[in-house]
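Engineer: Fold the following, please.
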Amino acid sequence: MAGGEDDAPVGKVVPVALLYTLCSSTLMVANKYALSTFPFPSTLMALQFATSALVVRLLGACGQLDVEPFSRRRVAEFWTVPILFVLAIFANIKLLEAVSVQSTIVFRSLVPIITSVADYVFMQRELPGIKSTI
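Structural biologist: You can find the predicted model right below:
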């Protein structure tokens, strides 16, 4: 729906994208530092997830955030999403443990390219257009 009325205005997208970039890079540097002082990546990751879950529950309890109640049906529908997310975060933590932040950024920047090629080869999807590659 390019150019449709559902498209978000650039004035709102750019600040959000910049904020996401700032948070992501700051968190990567913070995790690298945390791993240098607390060399237990699985425990570090578990503490971060627990803190995030606690903040979401507290915001929900205070009425600041709509939090859907926990249900078996929802878990059965979406169990693969958190598993894959945890695996991706764990891989990122292990990568940070082994290499520099700069190398991690390069690797993470290559993931969309690899995904696009895999989509093309294995799922017969189109490669991204020239506008996406700029």
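Engineer: Going by C-alpha atoms from here, please, whenever you check contacts or count neighbours.
Structural biologist: OK.
Engineer: after the longest helix along the chain, next one along is what?
Structural biologist: Secondary structure of the chain read by DSSP state H shows that its longest helix is helix 10-37. Next in sequence after helix 10-37, counting helices and strands by DSSP states H and E, comes helix 41-61.
Engineer: by how many degrees do that following helix and helix 10-37 diverge?
Structural biologist: 140 degrees (axes from the mean of the first three to the mean of the last three CA atoms, to 10 degrees).
Engineer: quick one on the thing from earlier: tell me what the longest helix of the chain is packed against?
Structural biologist: Secondary structure elements in contact with helix 10-37, counted by 3 or more CA pairs under 8 Å, 6 or more residues apart in numbering; DSSP states H and E, are helix 80-98, helix 101-123.
Engineer: most packed of the ones you listed?
Structural biologist: Among the helices and strands packed on helix 10-37, the stretch with the highest mean neighbour count (mean count of other CA atoms under 10 Å) is helix 80-98, at a mean of 14.
Engineer: how close does Leu113 sit to Thr21?
Structural biologist: Heads up, residue 113 is Ile, not Leu. 18 Å (CA to CA, to the nearest Å).
Engineer: Show me the shaky parts of this structure.
Structural biologist: 1-8, 133-134 (pLDDT under 70).
Engineer: Kindly recompute the last result at 50.
Structural biologist: Low-confidence segments of the chain (pLDDT under 50): 1-2.
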